[in-house]
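Participant: need a 3D model of the following:
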Amino acid sequence: MLATEDREIQDQIKETPAAVSARRKLLALLIAMTAIAPLTLNIIVPAVPNLAVVLDASVDTVQLTVSLYLLVLAFSQLALGPLSDRFGRRPVIIAGLGLTAVMSAAALLASSITGLIVARSLQALGASAGLVVGRAIIRDRYHRDRAASMIASVTMVVIAAPMVAPLLGGFLDTLFGWQSIFIFIACACLVLVAWAALALPETRVAQPDAKPIRFLPEIRALASDRRFAGYVLCAALGTAPFFLFLGGGPHVVVSIMGRTSAEYGLWFAINALGYLAGNFGAWRYSAWYGVDRMIWWGLLVSLTGVALSVGLTGWLPDAGPATLFLPQLVISLGNGLLLPNSFAGAVSVRPQAAGAASGIAGFGQMALGAVAAQFATTVLAGATSAFPLAVTMAVILVAATAAYLVLVRPRMLD
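Facilitator: Here you go, the predicted structure:
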């Protein structure tokens with residue numbers, strides 16, 4: 001820890017006022033680039049019923065504009081990360097944001113649900129650049145433990161996007177029609193393209209004698225590194241209980257407990273507060289205590305939360321939503337500590353391939369999250385309480401802890 005503290009103090013001493021100003025401007029741009037993906041994902045949700053009428057399609061079909069967006073968002077990270085390693089961060093970011101703007105215009109002009117689905121999927125391909133390349137840029141500029149702090153600071157602001165986007169989308173759809181949603185996205189992306197073109201430096205510095213980054217060898221090297229696998233598993237397994245809760249929580253509260261969807265929404269907002277607090281902790285302490293220790297603390301907090309969830313849902317099955325959501329607040333707090341540090345660890349294993357590492361880690365988290373959300377319906381089939389959901393969340397977090405102890409911690413103690 002002392003070495004980390006010394007390094008952090010040296011970093012602060014070296015920063016001139018001009019450097020501090022440049023760092024803050026870059027951070028603001030990274031926040032905006034990263035926020036565009038969750039904003040674009042969620043902003044269309046309130047307009048789904050209206051789109052079904054306008055485009056003469058079923059609501060289930062229109063819902064593909066959301067679910068396929070999420071699927072493409074996961075897979076595209078596998079491609080854009082390595083591309084940024086090979087060709088640089090700037091061109092991939094600018095091209096990705098430009099593609100999102102163009103596809104927003106295409107969605108605006110779509111006359112069929114098929115055209116809208118295709119445009120939305122390509123929107124996701126471009127928007128994912130902000131997510132995956134943003135983490136790589138942070139790792140290019142900062143050492144591993146400081147990178148975790150910076151990722152957490154970005155996440156603290158970006159977490160507001162999914163909460164604000166449906167409100168904004170509903171406002172635009174109601175006052176100006178569904179087309180205004182895509183006009184807004186296109187304009188926002190064009191502003192970001194101009195901002196990135198003027199202010200984003202190329203952070204991937206190639207060594208004069210370095211060979212060009214090759215996709216497959218770098219991916220094989222990452223896949224064979226047990227520590228990288230440990231960080232990816234910590235990120236994916238550590239946050240999978242949240243996605244499991246996301247998929248099963250509404251069924252528990254509305255169908256089993258007989259509460260309203262509005263009450264579920266109010267309770268769910270608590271999770272954002274927990275995750276925000278955890279991100280603040282990661283931002284404040286990761287540079288001082290180190291990535292590996294912060295992951296361990298995040299796991300311990302999350303395990304405490306699932307232990308409470310198992311106990312309360314098992315002993316007080318009829319006590320209401322509090323038995324489910326209050327422990328989830330603790331789990332979300334642990335997730336906020338765990339996730340930015342897991343990502344920072346993953347992109348630091350091979351810094352020359354930070355883009356590829358960021359893409360693989362992001363894909364792993366989203367893919368397992370999607371499976372967990374869908375699996376929740378199986379877990380709760382025939383259930384009369386939230387107890388099966390809580391037990392499954394506990395098993396997943398125990399697996400995350402095992403991955404940390406086997407793959408990450410032995411190296412930390414060398």
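
Participant: next, count neighbours for Ser58.
Facilitator: Residues lying near Ser58 (other Cβ atoms under 10 Å) number 9. C-beta here means a position set from N, CA and C on the backbone, and glycine is covered the same way.

Participant: look up how far Val72 lies from the residue nearest to it when sequence neighbours are not counted.
Facilitator: Computed as Cβ to Cβ, 6 or more residues apart in numbering, the closest residue to Ser58 that is not its neighbour in sequence is Ala52, at 6.4 Å. Distance, Ala52 to Val72, by Cβ to Cβ, to the nearest Å: 21 Å.

Participant: kindly report the same for Arg89.
Facilitator: Arg89 sits 21 Å away from Val72, going by Cβ to Cβ.

Participant: who has more neighbours out of these two?
Facilitator: Between Arg89 and Val72, counted using other Cβ under 10 Å, the more crowded position is Arg89 (24 against 19).

Participant: shouldn't that one be in contact with Asp140?
Facilitator: Yes - assessed by Cβ atoms under 8 Å, Arg89 is found in contact with Asp140 at 7.1 Å.

Participant: hmm, Tyr404 and Trp296 touching each other?
Facilitator: Yes - with contact defined as Cβ under 8 Å, Trp296 counts as touching Tyr404 (6.7 Å).

Participant: how many neighbours does the residue nearest to Ser58 have?
Facilitator: Neighbours of Ala52 (other Cβ under 10 Å): 17.

Participant: from the contact counts, what lies against the helix or strand where it lies?
Facilitator: Assigning secondary structure by DSSP states H and E places Ala52 in helix 48-54. Secondary-structure packing of helix 48-54 (3 or more Cβ pairs under 8 Å, 6 or more residues apart in numbering; DSSP states H and E): helix 59-62, helix 64-87.

Participant: and it, what's its mean pLDDT?
Facilitator: Per-residue pLDDT over helix 48-54 has a mean of 83.

Participant: run the chain-centre distance for it.
Facilitator: 28 Å (Cα atoms, centre = their mean, to the nearest Å).

Participant: same thing with stretch 86-106?
Facilitator: Averaging C-alpha positions (Cα atoms, centre = their mean) puts stretch 86-106 19 Å from its chain's average.

Participant: count of neighbours near Val252?
Facilitator: Val252 is flanked by 25 other residues according to other Cβ under 10 Å.

Participant: state the distance from it to Ile270.
Facilitator: Noted for Val252: a distance of 15 Å to Ile270, by Cβ to Cβ.

Participant: please apply the same query to Leu30.
Facilitator: Look at Leu30 and Ile270: by Cβ to Cβ, they are 28 Å apart.

Participant: including mean pLDDT, could the helices and strands packed on helix 48-54 go into TSV?
Facilitator: TSV is the format used below for those (pLDDT from 0 to 100):
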stretch	mean pLDDT
helix 59-62	80
helix 64-87	86
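
Participant: what's the most buried one of those?
Facilitator: Mean neighbours per residue, mean count of other Cβ atoms under 10 Å, is largest over those for helix 64-87, with a mean of 21.

Participant: what average pLDDT does the very next helix or strand once past that one get?
Facilitator: Using DSSP H and E, the helix or strand that follows helix 64-87 towards the C-terminus is helix 89-109. For helix 89-109, mean pLDDT rounds to 94.

Participant: can you spell out which helices and strands pack onto helix 89-109?
Facilitator: helix 17-42, helix 64-87, helix 113-141, helix 179-199.

Participant: so which of those gets nearest Val349?
Facilitator: Proximity to Val349 (Cβ to Cβ) singles out helix 113-141 among the helices and strands packed on helix 89-109, at 10.3 Å.

Participant: the closest one versus helix 179-199: what angle between them?
Facilitator: If you take axes from the mean of the first three to the mean of the last three Cα atoms, to 10 degrees, helix 113-141 sits at 30 degrees to helix 179-199.

Participant: from Leu71, how far off is Ala79?
Facilitator: In this view, Ala79 and Leu71 are 14 Å apart by Cβ to Cβ.

Participant: can you check Ala399 too?
Facilitator: In this view, Ala399 and Leu71 are 24 Å apart by Cβ to Cβ.

Participant: and if you look at Val306?
Facilitator: Distance from Val306 to Leu71, counting by Cβ to Cβ: 28 Å.

Participant: cool, and Val253?
Facilitator: For Val253, the distance to Leu71 - Cβ to Cβ - is 26 Å.

Participant: of Leu30 and Ile270, who's got more company?
Facilitator: Leu30 (25 against 16).

Participant: show the model's pLDDT score for that one.
Facilitator: Confidence score, pLDDT, at Leu30: 91.

Participant: can you name the residues that contact it?
Facilitator: By Cβ atoms under 8 Å, 6 or more residues apart in numbering, the residues touching Leu30 are Gly134, Ile137, Ile138, Val154.

Participant: and Cys189, by the same measure?
Facilitator: Neighbouring residues of Cys189 by Cβ under 8 Å, 6+ apart: Ile36, Leu97, Gly98, Thr100, Ala101, Ser104, Gly126.

Participant: setting aside sequence neighbours, what's the nearest residue to it?
Facilitator: Nearest non-adjacent residue to Cys189, counting by Cβ to Cβ, 6+ apart: Ala101, 3.7 Å away.

Participant: for Thr304, same thing?
Facilitator: Leaving aside its chain neighbours, Thr304 sits nearest to Val330 (5.9 Å; criterion: Cβ to Cβ, 6+ apart).

Participant: okay, and the one you found sits in which element?
Facilitator: helix 322-348.

Participant: run the angle between that helix and helix 113-141 for me.
Facilitator: Counting by the same axes, to 10 degrees, helix 322-348 lies at 60 degrees to helix 113-141.

Participant: can you give me the domain assignment for this protein?
Facilitator: The record, using automatic domain parsing to delimit domains, assigns the chain the ranges 17-205, 216-412.

Participant: great, nothing more from me.
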